[in-house]
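*Asks:* predicted coordinates and the sequence they were generated for:
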Amino acid sequence: MKKTIIYQVFTRLYGNKNTTRKPYGTIEENGCGKLNDFTPSVLKEIREMGVTHVWYTGIIRHATMTDYTKYGIPRQHPAVVKGRAGSPYAITDYYDVDPDLAVNVEKRMEEFERLVNRTHRASLKMIIDFVPNHVARQYKSIAKPEGVIDLGEDDDTTHGFDPQNNFYYCPEQSFAPYFDLYHGELWPYEEKPAKATGNDCFHNAPGVNDWYETVKLNYGVDYYAGRVGYFNPIPDTWKKMLHILLYWAAKGVDGFRCDMAEMVPAEFWAWATPQVKEHYPAVIFIGEVYNPQEYRRYLSSGFDLLYDKVGMYDAVSDVLCHHRETSAITWAWQQTDDIKDHMLYFLENHDELRLASDFFVGDAWKALPGFVTCVLMQQNPFMLYAGQEWGERGMDQEGFSGMDGRTTIFDYWSLQTERDEALISYYKRVLEIARTNKAIAEGMMFDLMYANGQYRRQFAFFRKAKKDTLLVVTNFDDVPVTMGLTIPAHAFEYLGMAEGSCKATDLLTGKEILLNLSPDGAVGIDLEARGSVVLQF
């Protein structure tokens, strides 16, 4: 058994070596990363970090202000595009590859297919986004296979809702959002009848905080009548989205990170995922689900993994910032203990603040106790966002996104060139432990904090598989601490540990210490400020 480590790369940024970084810059000014930047040597380096899966974010063609009409790609009106580069979650063609990512635009699908092969040859699995809830306002497929009818092509636009429509409509009303519909163009953006907006905004005038550049897809749920579902006969949208999933799976994609999965009815997933897995049994589905009350329903509908955002991510984030005590971490894992193998832990992704930003902990080193805890505490997968391991700060004012402590997903940009090599080495060491140590990949976990409640900024747990035993202790405080860590008698019984003295090696530093283990006895542990130990004995 091997612990799954997912490495998210924002494909447009990752390989971009252009450091101009002009706010609102064009692709010509600021450059853009390419699929071809993921060379065999780059992929080997990623794999050697302990990564098992690469999530290439932003592969499918989405709305952009860059003009590709000379290649036969429809131009998007800038009034309904966020940023010059556009959001990767405003899909304009489910069957096409983003031309920004291609060296040869006319060969963009071939370049993607070669990337699939390179990824697999590097002993890595490939994950891409599947965006099922919404599309760009000017969605139009030019790459759809023969016989495929485009989304909305056969809709009856006189009905706000029809179970067989692909979109929701505001009959006889024009799209009238808060913003100027010209956006520097000679002609305004026009849409009549107006379509409902992606974040369940079912009127014709979305506001600044709505996902105004997107259109909500109709899976047979009548929101106008209080979310009544009409699933028999099978809605047309279900069939079209299944076809899209099978299309990409046939190209060798190993998994789908499903954007805002809980905004799509669980009934669709329960119908679609078995059909995909019937043809491609190894394909995994990762769901972005934020409501813990829905976790088990979506897992039973075919998802393999779910984001653990409102539980573990929020808890560790608060502990890192000293907003909550470490007991919050215990509470978080207990809430999902019955489904723990399906919960995806992370500390960064494209939606969240960079750890090193001024809006979070301000220093990537201060986040390390959270990283060690999340990677080593359970058997479940962990996700790392490219740049996290070298201290990317997300403190640029890139353009549309502004200075918000996040790495832009809307602008042409590049990641920082100053990389903290010591930090990268630390990340590699922790991921190497996760990858090679059976106690982490296969072992039981025993949370020690119920017997050590006096320590409110420290966290400690055992991991054990057969003879391999690890004691992991992390310090979230800004000062060094010497702990008298109580090992309750129940830990010895539960893990089958022997009493007595033993030598332990800290896998992070190589240092040896002597541990005296006795039921309900205390073990002395010295921790640096924001430091951790991973003691193997």
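*Replies:* On my side now, so go ahead.

*Asks:* for the stretch 301-450 of the chain, what spans make up the strands?
*Replies:* Taking DSSP state E, counting those that start in this stretch to define them, one finds strands in the stretch 301-450 of the chain at 305-307, 343-346, 382-385, 444-447.

*Asks:* could I get the ones you listed as CSV with mean pLDDT, distance to Ala491 and mean neighbour count?
*Replies:* The way it works is simple: take the backbone N, C-alpha and C, and place the C-beta from them, glycine included. CSV is the format used below for the strands of the stretch 301-450 of the chain (pLDDT from 0 to 100; distance: least, CB to CB, whole Å; neighbours: other CB atoms under 10 Å):
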stretch, mean pLDDT, distance to Ala491, mean neighbour count
strand 305-307, 97, 29, 24
strand 343-346, 98, 23, 23
strand 382-385, 98, 24, 24
strand 444-447, 98, 5, 18
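
*Asks:* out of the ones you listed, the one nearest Asp162 is which?
*Replies:* Minimum separation from Asp162 across the strands of the stretch 301-450 of the chain (CB to CB) falls at strand 305-307, 31.3 Å.

*Asks:* what pairs with that closest one, parallel or antiparallel?
*Replies:* Sheet pairing of strand 305-307 (DSSP bridges) gives strand 284-287 (parallel), strand 343-346 (parallel).

*Asks:* now those as JSON lines including distance to Pro132?
*Replies:* Shown next, in JSON lines, are those (distance: least, CB to CB, whole Å):
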{"stretch": "strand 284-287", "distance to Pro132": "10"}
{"stretch": "strand 343-346", "distance to Pro132": "18"}
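
*Asks:* between those, which one is nearest to Asn475?
*Replies:* Per CB to CB, nearest to Asn475 of the strands paired with strand 305-307: strand 343-346, 19.4 Å.

*Asks:* alpha carbons of that closest one, in CSV - could you do that?
*Replies:* The C-alpha trace of strand 343-346 is given here as CSV (Å, rounded to 0.1, in the frame of the first residue of the first chain):
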residue,chain,number,x,y,z
MET,A,343,-10.9,12.6,3.0
LEU,A,344,-8.3,14.6,1.1
TYR,A,345,-6.2,16.8,3.4
PHE,A,346,-4.5,19.9,2.1
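
*Asks:* please tell me how far the closest residue to Gly15 other than its chain neighbours sits from Lys503.
*Replies:* Excluding the flanking residues, the one nearest Gly15 by CB to CB, 6 or more residues apart in numbering is Asp37, at 2.5 Å. From Asp37 across to Lys503, the span is 46 Å (CB to CB, to the nearest Å).

*Asks:* swap in Tyr385?
*Replies:* Separation of Tyr385 from Lys503 (CB to CB) stands at 37 Å.

*Asks:* now do Val430
*Replies:* According to CB to CB, Val430 stands 22 Å off from Lys503.

*Asks:* those two: which has the busier surroundings?
*Replies:* Neighbour count, other CB atoms under 10 Å: between Val430 and Lys503, Val430 has more, with 24 against 11.

*Asks:* tell me the pLDDT of Met1.
*Replies:* pLDDT recorded at Met1 is 73.

*Asks:* I'd assumed Ala441 was in contact with it.
*Replies:* Yes: the pair Met1 / Ala441 is scored as a contact, 5.1 Å apart, by CB atoms under 8 Å.

*Asks:* what about the two, which has more around it?
*Replies:* Ala441 (17 against 8).

*Asks:* for that one, give me its contacts.
*Replies:* Going by CB atoms under 8 Å, 6 or more residues apart in numbering, Ala441 touches 1-3, 379, 434-435, 465.

*Asks:* could I have the buried ones of those as PyMOL selection syntax?
*Replies:* For the buried members of the contacts of Ala441, the matching PyMOL selection, counting by 16 or more other CB atoms under 10 Å, is:
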select buried, resi 3+379+434+435+465
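
*Asks:* between the contacts of Ala441, which is closest to Met403?
*Replies:* Checking the contacts of Ala441 against Met403 by CB to CB gives Ala434 as the nearest, at 33.3 Å.

*Asks:* which residues does the closest one contact?
*Replies:* By CB under 8 Å, 6+ apart, the neighbours of Ala434 are 3, 5, 50, 375-376, 382, 440-441.

*Asks:* equivalent analysis for Leu115, please.
*Replies:* 35-36, 38, 56, 126.

*Asks:* same question, Pro23
*Replies:* So Pro23 contacts 397-399, 411 (CB under 8 Å, 6+ apart).

*Asks:* need the pLDDT of it.
*Replies:* Model confidence at Pro23 (pLDDT) stands at 97.

*Asks:* swap in Thr417?
*Replies:* 87.

*Asks:* could you do the one 3 residues further on as well?
*Replies:* Listed pLDDT for Asp420 reads 94.

*Asks:* now it: closest residue in space, sequence neighbours ignored.
*Replies:* Among residues not flanking Asp420 along the chain, Gly391 sits closest, at 4.7 Å (CB to CB, 6+ apart).

*Asks:* just checking, Thr407 touches Arg354?
*Replies:* Yes: Thr407 lies in contact with Arg354 (CB under 8 Å); the separation is 6.5 Å.

*Asks:* between these two, which one's more packed in?
*Replies:* Thr407 (29 against 25).

*Asks:* what is the burial count for the residue nearest to Asp420?
*Replies:* Neighbour count for Gly391, taken as other CB under 10 Å: 20.

*Asks:* over to Asn30?
*Replies:* Neighbour count of Asn30, defined by other CB under 10 Å: 23.

*Asks:* mind listing the helices for the stretch 1-150 of the chain?
*Replies:* Along the stretch 1-150 of the chain, the stretches classed as helices by DSSP state H, counting those that start in this stretch are 11-14, 27-30, 40-48, 108-121.

*Asks:* so which of those helices is the most packed in?
*Replies:* Of all the helices of the stretch 1-150 of the chain, helix 11-14 carries the top mean neighbour count, a mean of 25, counting by mean count of other CB atoms under 10 Å.

*Asks:* residues contacting that helix, please?
*Replies:* Helix 11-14 is contacted from outside by 32-33, 35, 37-38, 56-59, 85, 88, 98, 100-101, 386, 407-408, 412-415, using CB under 8 Å, 6+ apart.

*Asks:* recalculate using a threshold of 7 Å.
*Replies:* 32-33, 35, 37, 56-59, 85, 100-101, 386, 407, 413-415 (CB atoms under 7 Å, 6 or more residues apart in numbering).

*Asks:* tell me the spacing between the residue nearest to Gly15 and Ala85.
*Replies:* 16 Å.

*Asks:* now Ala102
*Replies:* For Ala102, the distance to Ala85 - CB to CB - is 14 Å.

*Asks:* and Thr39, by the same measure?
*Replies:* Here the criterion is CB to CB. By it, Thr39 lies 23 Å from Ala85.
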